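> could you work out the structure for the sequence below:
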Amino acid sequence: MIGRAARRANPWAIREIVFGEAEQPSREEVAAELIVFIRETVRELGERRASGFLKKFYGWYLGHGRFPRPFKQEIVMLHSTDEVVTRLLAAAPDAAALVEALEAELPDPNDDVLLDALPISVYGGG
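Residues are numbered from 1 along each chain as shown. The predicted model follows:
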């Protein structure tokens, strides 16, 4: 149930449970997390596959009053992930600094990691 809540309705559900933080993330936090997720998905799947795959996540991240419905509808209609990132940064300009901080924490994809050899994806599928 926690995984479903975190995946669909509230990506910050685990933070709320573990740390007891019940306050909602800011628009900038939401945009930054989504941008990093978009970039990592494109890195793993490629632009063409990622572009369609990510559309379902936009509503999950941007919902719950975080962004207005017309904005979410506009994001889904964009053709490339670069356009989505540009639009997110325009809606939440302070997210750029958070994106840099989040990306600095990511492991180097060129490092040898045991899990890299396994046929598994955190984004779904095998």
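> so what's the backbone phi/psi at Ala104?
phi -70, psi -30 (degrees, to the nearest 10).
> how many neighbours does it have?
By the measure other C-beta atoms under 10 Å, the count of residues near Ala104 is 7. (Glycine included, C-beta is placed from N, CA and C.)
> then Leu106?
Counted with other C-beta under 10 Å, Leu106 comes out at 11.
> list the contacts of it.
36, 40 (C-beta atoms under 8 Å, 6 or more residues apart in numbering).
> one more time with 10 Å
Leu106 is in contact with 36, 39-40, 43, counting by C-beta atoms under 10 Å, 6 or more residues apart in numbering.
> which one among those gets closest to Val84?
Arg39 (10.5 Å; C-beta to C-beta).
> list the buried ones in the strand or helix carrying the closest one?
Taking DSSP states H and E as the criterion, Arg39 maps to helix 27-45. For helix 27-45, the buried set under the neighbour-count rule, 16 or more other C-beta atoms under 10 Å, comprises 27-42, 45.
> ditto for stretch 79-89
Buried residues in stretch 79-89, counted by 16+ other C-beta under 10 Å: 81, 84-85, 88-89.
> format those as CSV; extra columns: pLDDT.
Listed next are the buried residues of stretch 79-89 as CSV, based on pLDDT from 0 to 100:
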residue, pLDDT
Thr81, 96
Val84, 97
Val85, 97
Leu88, 96
Leu89, 96
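> format those residues as JSON lines; extra columns: secondary structure and distance to Leu106.
Compiled in JSON lines, these are given as follows (DSSP: H, G, I helix; E, B strand; the rest coil; distance: C-beta to C-beta, whole Å):
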{"residue": "Thr81", "secondary structure": "helix", "distance to Leu106": "17"}
{"residue": "Val84", "secondary structure": "helix", "distance to Leu106": "19"}
{"residue": "Val85", "secondary structure": "helix", "distance to Leu106": "16"}
{"residue": "Leu88", "secondary structure": "helix", "distance to Leu106": "18"}
{"residue": "Leu89", "secondary structure": "helix", "distance to Leu106": "18"}
